[in-house]
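# let me see the structure of the following:
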Amino acid sequence: MDYAFFEGKIVPVEEAKISIMTNSFHYGTAVFEGIRAYWNEKEEQLYILFAKAHYQRLIDNAKCLMMNLPYTADELVEITKELLIKSQIREDVYIRPIAYFKDLKLTPKLIDYTPEIAIYIYRFGRYLDTSKGIKAKVSSWRRNDDNSIPSRWKVAGAYVNSALAKTEALLAGYDEAILLNSQGYVAEGSGENIFIVKNGKAITPSLNEHILEGITRNAVITLLKKELLVDVIERPIARSELYTADEVFLTGTAAEITPVIQIDHVKIRNGEVGEITRQLQEVYFKAVRGEISRYKNWLTPVYEK
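So this is what the prediction gives:
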């Protein structure tokens, strides 16, 4: 049986229900995170990836929506470990914490309401095809601007923007969308950061390009520099650069390292997964399963040994 953390208690997930009158359900004023935990069969250990960093971002984002959650990041990590143990998880899983206003009122505001947090487990395997690569479409929808709903915050209501872009791509026969920002430069995928590789260098939009401050993005930059010895440049990327790139890949907690082999009707180089992307995948998946000792500080073990 799977369990959830709900209203201060760990309960069977079927009991973790909110009212249809819940304020954040109506106005999208919830903040969420996506966290992965990876099972290491050899060690019989479950590792939560960047657990504290994700919860600290959740707390910080919640404060921006006037939510003062009554937990520290460390306390939320311990609650998550307890939740995974009680659910007897021994496989790769996705963890979804969400902070919201639980009040049964219908005014769209951020003050004089009561914040609550829920955490549940989701078994969904691969989010995108990380092996063969995917086809992406540059969306007609622009990424929401920092002066509108900041993309650097994981606010539920902002993901209408992602849903529109993703759906447009799927209906057109693609796997994912790539959004441009209000200035017309490349921002990110519907739920992922983006990198291109050109002449042996990795390029990714800088944080002021209206993108999420991705935790996986930061890890990938570290791996590119330290493990693959690839220079990383953070700068604006023009749409036209996507089509002439040697490699393109997306990064994110859910997406992990996902190669993009075609954008619109243009194949990226030969339409196969690039060498730097493949090497990056190899080292990333070893690191997140605890197989590289120097990156064990990224991981929180769940089961006591």
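# from now on I want contacts and neighbour counts done on CA atoms only, so please keep to that.
Fine.
# let me see the ranges of the helices in the stretch 201-305 of the chain.
Secondary structure of the stretch 201-305 of the chain (DSSP state H, counting those that start in this stretch): helices at 215-226, 239-244, 275-288.
# any idea which of those gets closest to residue 85?
Proximity to residue 85, assessed across the helices of the stretch 201-305 of the chain by CA to CA, is greatest for helix 275-288 (19.0 Å).
# if you count neighbours, what's buried in the closest one?
Residues of helix 275-288 classed as buried: 276-278, 280-281, 283-284, 287-288 (neighbour count, 16 or more other CA atoms under 10 Å).
# please apply the same query to stretch 98-114.
98-104, 113-114.
# widest-spaced pair of those residues?
Greatest spatial distance among the buried residues of stretch 98-114 (CA to CA): 98 and 104, at 17.3 Å.
# before we move on, the earlier item: which one, of the helices of the stretch 201-305 of the chain, ends up nearest to residue 179?
Nearest of these (CA to CA): helix 239-244, 9.6 Å.
# now that closest one: average pLDDT?
The average pLDDT within helix 239-244 is 98.
# give me the residues contacting it.
Applying CA atoms under 8 Å, 6 or more residues apart in numbering, the external contacts of helix 239-244 come out as 180, 184-186, 196, 248, 263, 266-269.
# filter these down to the buried ones.
Among the contacts of helix 239-244, the ones that count as buried by 16+ other CA under 10 Å are 180, 185-186, 196, 248, 263, 266-269.
# okay, the contacts of helix 239-244 in JSON lines with pLDDT and distance to residue 88 next?
Converted to JSON lines, the contacts of helix 239-244 look like this (pLDDT from 0 to 100; distance: CA to CA, whole Å):
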{"residue": "180", "pLDDT": "98", "distance to residue 88": "42"}
{"residue": "184", "pLDDT": "97", "distance to residue 88": "47"}
{"residue": "185", "pLDDT": "98", "distance to residue 88": "45"}
{"residue": "186", "pLDDT": "98", "distance to residue 88": "42"}
{"residue": "196", "pLDDT": "98", "distance to residue 88": "39"}
{"residue": "248", "pLDDT": "98", "distance to residue 88": "37"}
{"residue": "263", "pLDDT": "98", "distance to residue 88": "41"}
{"residue": "266", "pLDDT": "97", "distance to residue 88": "45"}
{"residue": "267", "pLDDT": "97", "distance to residue 88": "43"}
{"residue": "268", "pLDDT": "97", "distance to residue 88": "42"}
{"residue": "269", "pLDDT": "90", "distance to residue 88": "44"}
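# would CSV of those with distance to residue 157 be doable?
Below are the contacts of helix 239-244 laid out as CSV (distance: CA to CA, whole Å):
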residue, distance to residue 157
180, 19
184, 23
185, 23
186, 22
196, 29
248, 28
263, 27
266, 32
267, 33
268, 33
269, 37
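# between the residues you listed, which is closest to residue 159?
Nearest to residue 159 out of those is residue 180 (CA to CA; 15.1 Å).
# tell me the secondary structure at the nearest residue to the closest one once chain neighbours are set aside.
Residue nearest to residue 180 in three dimensions, not counting chain neighbours: residue 186, with 4.4 Å by CA to CA, 6 or more residues apart in numbering. Assigned state for residue 186: strand (three-state reduction, DSSP: H, G, I helix; E, B strand; the rest coil).
# for residue 186, give me its contacts.
Neighbouring residues of residue 186 by CA under 8 Å, 6+ apart: 178-180, 205, 209, 236-239.
# tell me the one of those nearest residue 157?
Using CA to CA, residue 179 is the member of the contacts of residue 186 that lies nearest residue 157, at 17.0 Å.
# how close does the closest one get to residue 32?
Separation of residue 179 from residue 32 (CA to CA, to the nearest Å): 21 Å.
# higher neighbour count, those two?
residue 179 (27 against 24; other CA atoms under 10 Å).
# residues contacting that one?
When contacts are counted by CA under 8 Å, 6+ apart, residue 179 touches 138-143, 165, 186-190.
# element containing it?
Residue 179 is located in strand 176-180, with elements delineated by DSSP states H and E.
# output that strand as CSV - backbone C-alpha positions only.
The C-alpha trace of strand 176-180 is given here as CSV (Å, rounded to 0.1, in the frame of the first residue of the first chain):
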residue,chain,number,x,y,z
GLU,A,176,7.8,17.7,-26.5
ALA,A,177,7.6,21.4,-27.0
ILE,A,178,10.4,24.0,-26.9
LEU,A,179,9.2,27.5,-25.8
LEU,A,180,10.8,30.8,-26.6
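# want to try a markdown table for the contacts of residue 179, with distance to residue 64 and secondary structure as columns?
Listed next are the contacts of residue 179 as a markdown table, based on distance: CA to CA, whole Å; DSSP: H, G, I helix; E, B strand; the rest coil:
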| residue | distance to residue 64 | secondary structure |
| --- | --- | --- |
| 138 | 30 | strand |
| 139 | 28 | strand |
| 140 | 29 | strand |
| 141 | 25 | strand |
| 142 | 23 | strand |
| 143 | 20 | coil |
| 165 | 25 | helix |
| 186 | 26 | strand |
| 187 | 22 | strand |
| 188 | 22 | strand |
| 189 | 24 | strand |
| 190 | 22 | coil |
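# appreciated, that's everything.
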